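*Asks:* How does the following fold in three dimensions:
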Amino acid sequence: MTEDQHQMAVIKWSQQASIRKKYPVLKLLYHIPNERKCAPGQGMKLKRMGVRSGVPDLELPVARGEYHGLYIEMKTENGRTSDQQKWWVNELTLQGYLCSVCYGWEDAVQEIERYLQL
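*Replies:* Predicted structure coming up:
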(Lines give C-alpha, C1' and ligand atoms only; values in the text may rest on other atoms or scores of the structure.)
Protein backbone atom coordinates (compact mmCIF):
# COMPACT_ATOMS: atom_id res chain seq x y z
CA MET A 1 0.00 0.00 0.00
CA THR A 2 1.07 3.58 -0.61
CA GLU A 3 1.22 6.17 2.16
CA ASP A 4 -1.96 7.74 0.78
CA GLN A 5 -3.75 4.38 0.87
CA HIS A 6 -2.69 3.81 4.48
CA GLN A 7 -3.98 7.25 5.41
CA MET A 8 -7.29 6.64 3.63
CA ALA A 9 -7.61 3.36 5.55
CA VAL A 10 -7.21 5.26 8.85
CA ILE A 11 -9.94 7.71 7.84
CA LYS A 12 -12.20 4.88 6.67
CA TRP A 13 -11.67 3.09 10.01
CA SER A 14 -12.49 6.29 11.91
CA GLN A 15 -15.76 6.73 10.01
CA GLN A 16 -17.24 3.32 10.85
CA ALA A 17 -20.41 3.61 12.93
CA SER A 18 -19.13 1.27 15.64
CA ILE A 19 -15.86 3.23 15.96
CA ARG A 20 -17.65 6.60 16.01
CA LYS A 21 -19.97 5.30 18.70
CA LYS A 22 -16.96 4.28 20.81
CA TYR A 23 -14.94 7.42 20.02
CA PRO A 24 -17.30 10.24 18.96
CA VAL A 25 -14.44 12.76 18.96
CA LEU A 26 -13.06 11.11 15.82
CA LYS A 27 -15.43 13.39 13.93
CA LEU A 28 -12.62 15.96 14.45
CA LEU A 29 -9.85 13.85 12.84
CA TYR A 30 -8.66 15.49 9.65
CA HIS A 31 -5.91 15.48 7.05
CA ILE A 32 -3.61 18.48 6.69
CA PRO A 33 -3.35 18.90 2.90
CA ASN A 34 0.31 19.77 2.70
CA GLU A 35 1.27 17.95 -0.49
CA ARG A 36 2.77 20.10 -3.18
CA LYS A 37 2.35 18.19 -6.41
CA CYS A 38 1.07 21.12 -8.41
CA ALA A 39 2.09 23.74 -10.94
CA PRO A 40 4.86 26.11 -9.79
CA GLY A 41 2.50 29.09 -9.63
CA GLN A 42 0.02 27.19 -7.46
CA GLY A 43 2.89 26.02 -5.25
CA MET A 44 4.01 29.61 -4.68
CA LYS A 45 0.44 30.63 -3.84
CA LEU A 46 0.10 27.76 -1.35
CA LYS A 47 3.41 28.71 0.26
CA ARG A 48 2.22 32.32 0.64
CA MET A 49 -1.00 30.96 2.17
CA GLY A 50 1.00 29.14 4.85
CA VAL A 51 1.67 25.64 3.55
CA ARG A 52 4.77 24.34 5.32
CA SER A 53 6.90 21.39 4.35
CA GLY A 54 7.01 18.55 6.86
CA VAL A 55 3.77 19.26 8.76
CA PRO A 56 2.26 15.94 9.93
CA ASP A 57 -0.48 14.34 7.85
CA LEU A 58 -3.29 13.96 10.39
CA GLU A 59 -4.47 15.97 13.36
CA LEU A 60 -6.92 15.10 16.10
CA PRO A 61 -7.53 18.37 17.98
CA VAL A 62 -8.75 16.69 21.15
CA ALA A 63 -6.96 17.08 24.47
CA ARG A 64 -6.12 13.93 26.43
CA GLY A 65 -4.00 13.59 29.55
CA GLU A 66 -1.18 16.12 29.39
CA TYR A 67 -1.52 16.65 25.61
CA HIS A 68 -3.34 19.37 23.67
CA GLY A 69 -3.99 17.05 20.71
CA LEU A 70 -2.53 14.34 18.50
CA TYR A 71 -0.56 14.70 15.28
CA ILE A 72 0.30 11.70 13.12
CA GLU A 73 2.89 11.54 10.37
CA MET A 74 1.91 8.61 8.15
CA LYS A 75 4.52 6.37 6.59
CA THR A 76 4.49 3.07 4.78
CA GLU A 77 5.96 0.15 6.68
CA ASN A 78 9.40 1.01 5.25
CA GLY A 79 9.00 4.80 5.08
CA ARG A 80 11.42 7.33 6.52
CA THR A 81 10.88 10.80 7.93
CA SER A 82 12.49 13.82 6.31
CA ASP A 83 14.47 16.40 8.27
CA GLN A 84 11.52 18.80 8.01
CA GLN A 85 9.12 16.16 9.37
CA LYS A 86 11.46 15.45 12.29
CA TRP A 87 11.63 19.18 13.00
CA TRP A 88 7.82 19.50 13.09
CA VAL A 89 7.43 16.44 15.33
CA ASN A 90 9.96 17.91 17.76
CA GLU A 91 8.48 21.42 17.75
CA LEU A 92 4.89 20.22 18.17
CA THR A 93 5.98 17.94 21.01
CA LEU A 94 7.59 20.93 22.74
CA GLN A 95 4.24 22.74 22.46
CA GLY A 96 2.40 19.98 24.32
CA TYR A 97 1.12 17.79 21.51
CA LEU A 98 1.60 14.06 21.14
CA CYS A 99 3.26 13.58 17.76
CA SER A 100 3.72 10.10 16.37
CA VAL A 101 5.22 8.68 13.23
CA CYS A 102 3.06 5.69 12.30
CA TYR A 103 4.18 2.98 9.91
CA GLY A 104 1.03 1.71 8.23
CA TRP A 105 -2.64 2.25 8.97
CA GLU A 106 -2.82 -0.39 11.69
CA ASP A 107 -0.04 1.37 13.61
CA ALA A 108 -1.91 4.67 13.28
CA VAL A 109 -5.18 3.14 14.49
CA GLN A 110 -3.42 1.67 17.53
CA GLU A 111 -1.84 5.05 18.29
CA ILE A 112 -5.20 6.84 18.03
CA GLU A 113 -6.86 4.32 20.32
CA ARG A 114 -4.01 4.56 22.86
CA TYR A 115 -4.28 8.34 22.77
CA LEU A 116 -8.05 8.39 23.22
CA GLN A 117 -7.77 6.11 26.23
CA LEU A 118 -5.44 8.50 28.10
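*Asks:* Please state the backbone phi and psi of the residue positioned nearest the centre of the chain?
*Replies:* When Cα atoms, centre = their mean is applied to the chain, the residue found nearest the centroid is Leu58 (2.0 Å). The phi/psi pair for Leu58 (degrees, to the nearest 10) reads phi -130, psi 150.
*Asks:* Which secondary structure state is assigned to the residue lying closest to it once chain neighbours are set aside?
*Replies:* Excluding the flanking residues, the one nearest Leu58 by Cβ to Cβ, 6 or more residues apart in numbering is Ile72, at 4.2 Å. The way it works is simple: take the backbone N, C-alpha and C, and place the C-beta from them, glycine included. Under DSSP: H, G, I helix; E, B strand; the rest coil, the three-state class of Ile72 is strand.
*Asks:* Next, the contact list for Ile72, please.
*Replies:* Applying Cβ atoms under 8 Å, 6 or more residues apart in numbering to Ile72 gives the contacts 10, 56-60, 99-102, 108, 111-112.
*Asks:* How much space separates it from Met49?
*Replies:* Ile72 is 23 Å from Met49, where distance means Cβ to Cβ, to the nearest Å.
*Asks:* Any regions of the protein where pLDDT drops low?
*Replies:* The chain contains residues with pLDDT under 70 at 35-36.
*Asks:* residue boundaries of the strands in it?
*Replies:* 30-31, 58-60, 70-75, 98-103 (DSSP state E).
*Asks:* Out of the ones you listed, indicate the one that is most buried.
*Replies:* strand 70-75 (a mean of 24; mean count of other Cβ atoms under 10 Å).
*Asks:* how far off strand 98-103 does that one point, in degrees?
*Replies:* If you take axes from the mean of the first three to the mean of the last three Cα atoms, to 10 degrees, strand 70-75 sits at 20 degrees to strand 98-103.
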